[in-house]
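Asker: Give me the fold of what follows.
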Amino acid sequence: MALSAISSTERGPAFGASTRTHWRDAFRRVRGETERRASHLSAEDQIVQSMADASPTKWHRAHVTWFFEQFLLVPNDPGYRIYDERFPFLFNSYYVAAGPRHARPQRGLITRPNGEEVAGYRAHVDAAVERLIETVADDKAAEVFSILEIGLHHEQQHQELLLTDILHAFAQNPTHPAYDADWRMPRRAAGPRAVDGSAFVEVPAGIQAIGHDGKGFCFDNETPRHEALIPKMRIARDLVSNAQWLQFIEAGGYSTPSLWLSDGWATVQAEGWEAPGYWRQQDGTWHVMTLAGLRPVDPAQPVTHVSYYEADAFARFAGKDLPSEQEWEVAARAGLLNDAFGVAWQWTRSAYLSYPGYRAAEGALGEYNGKFMVSQMVLRGSSSATPEGHERISYRNFFYPPARWQFSGLRLAEFI
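Answerer: Here you go, the predicted model:
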């Protein structure tokens, strides 16, 4: 997921008491949401790391705290002292410029510091950040609030990862534990629907503006805004459903090599895929592991936890294509898509590359996006795990083609 950003505070707000109150309240709200999500988990739950791509909840809570300490407090508060000299090594992630770091696949081995110490770390940094918000000089406020805003969006990214990572861990448990027994897939937006996914709408063709429009916050990989040629094509109004995916399974989709990219077919064979991630059969009926535990697959719900390889194979099976990220963005701006946000990230056929004229920011905060622009595919929209207010039309998520522990789905496209 992306990190370095273009902050809305760079556009020159006033820094009176109301502005400081706004940022204090935003900080409290985001930090509180992380703790709310973690509150469903025991101390043992918060240590587990079920694969190298996932991280323990305790690590997520500490890492986002380290971010504020490293990039906000240390450079801008002369009186601040590092909470614990061990923590930067343990809780740095990818920031080479910020110093050495503990190996990602071994995060689950960090039983100490324990959860209470991480909670103390969060409380210490929270208090220091709130003091900085109140006391920073006006001539430094723009810089401070810009970094603060980046940190808040960074923490929201980890709030989503907190849920997807614990779901992966719980899916390895034969007792099928629930993260939250009351969790449900979000209510889908109202709008005309075709149960069989046959409703396709024409996307405005021609030269279209793509990328962030300069209003509010964005990550830097959403810029610069540029023009792209959109061909004559249609896009599915709805996401592909579980019912459609069941047809794919029953038709032998996972055993038909001609439907798959070469790397995708190799992955199917190596991993033994027969269905989307977290699907399993019980007594001849498909069930899926959810944040509420194991539940029967609901045919009416959009399919989730499919990889790019699976999305591409399904599109070929349906005689359709995946949309490019530019086609998806134009359709979303035109209001053509049901469930564009809040249900499932949607694979596109676009490789994760820089926009024309993109340059990564200097320093550690510029490391995260540019150096990952290879071998990954773009997803658009947002998912049921995405925190409220973190979605936008120009947002570019990206994962490697085999990844399916995220709430990732798809919608189809066809060319005219």
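
Asker: Hmm, Ala292 and His176 touching each other?
Answerer: No: using C-beta atoms under 8 Å, His176 is not in contact with Ala292, being 9.9 Å away. (Each C-beta comes from the backbone N, C-alpha and C, glycine too.)

Asker: quick one: low-confidence ranges for the stretch 201-350 of the chain?
Answerer: Within the stretch 201-350 of the chain, no stretch has pLDDT under 70.

Asker: And for the stretch 51-200 of the chain?
Answerer: In the stretch 51-200 of the chain (pLDDT under 70), the answer is 187-198.

Asker: dump the residue contacts of the closest residue to Gln172 other than its chain neighbours.
Answerer: Spatial nearest neighbour of Gln172, chain neighbours left out: Ser50 (5.3 Å); criterion: C-beta to C-beta, 6 or more residues apart in numbering. Ser50 is in contact with 108, 165, 168-169, 171-172, counting by C-beta atoms under 8 Å, 6 or more residues apart in numbering.

Asker: helix, strand or coil for Ser50?
Answerer: Assigned with DSSP: H, G, I helix; E, B strand; the rest coil, Ser50 falls in the coil class.

Asker: Check the spacing between it and Glu155 real quick.
Answerer: 22 Å (C-beta to C-beta, to the nearest Å).

Asker: before we move on, what about Val48?
Answerer: 21 Å.

Asker: So for those two, which residue has more residues nearby?
Answerer: Comparing Val48 with Glu155 by other C-beta atoms under 10 Å, the one with more neighbours is Glu155, at 24 against 19.

Asker: ok so, going back, if we take the contacts of Ser50, which one ends up nearest to Ala127?
Answerer: Nearest to Ala127, judged by C-beta to C-beta, of the contacts of Ser50 is Asp165 at 27.7 Å.

Asker: Secondary structure element for the closest one, which one?
Answerer: Per DSSP states H and E: Asp165 is located in helix 138-171.

Asker: which strands and helices sit next to that helix?
Answerer: Under the contact definition 3 or more C-beta pairs under 8 Å, 6 or more residues apart in numbering; DSSP states H and E, helix 138-171 sits against strand 5-6, helix 17-38, helix 57-67, helix 74-76, helix 115-135, strand 285-290.

Asker: tell me the angle of it relative to helix 17-38?
Answerer: 10 degrees (axes from the mean of the first three to the mean of the last three C-alpha atoms, to 10 degrees).

Asker: Check which residues of helix 138-171 are buried.
Answerer: 141-171 (16 or more other C-beta atoms under 10 Å).

Asker: mind listing what's buried in the very next helix or strand once past it?
Answerer: Next along the chain after helix 138-171, taking DSSP H and E as the criterion, comes strand 200-202. Residues of strand 200-202 classed as buried under the neighbour-count rule (16+ other C-beta under 10 Å) are Phe200.

Asker: Who does strand 200-202 pair with, and is each partner parallel or antiparallel?
Answerer: Paired neighbours of strand 200-202 in the sheet (DSSP bridges): strand 233-236 (antiparallel).

Asker: quick check, distance from the partner strand to the centre of its chain.
Answerer: Offset of strand 233-236 from its chain centre (C-alpha atoms, centre = their mean, to the nearest Å): 25 Å.

Asker: contact partners of that strand?
Answerer: Contacts of strand 233-236 (C-beta under 8 Å, 6+ apart): 197, 199-203, 205, 320, 323, 327-328, 331, 336-337, 411-416.
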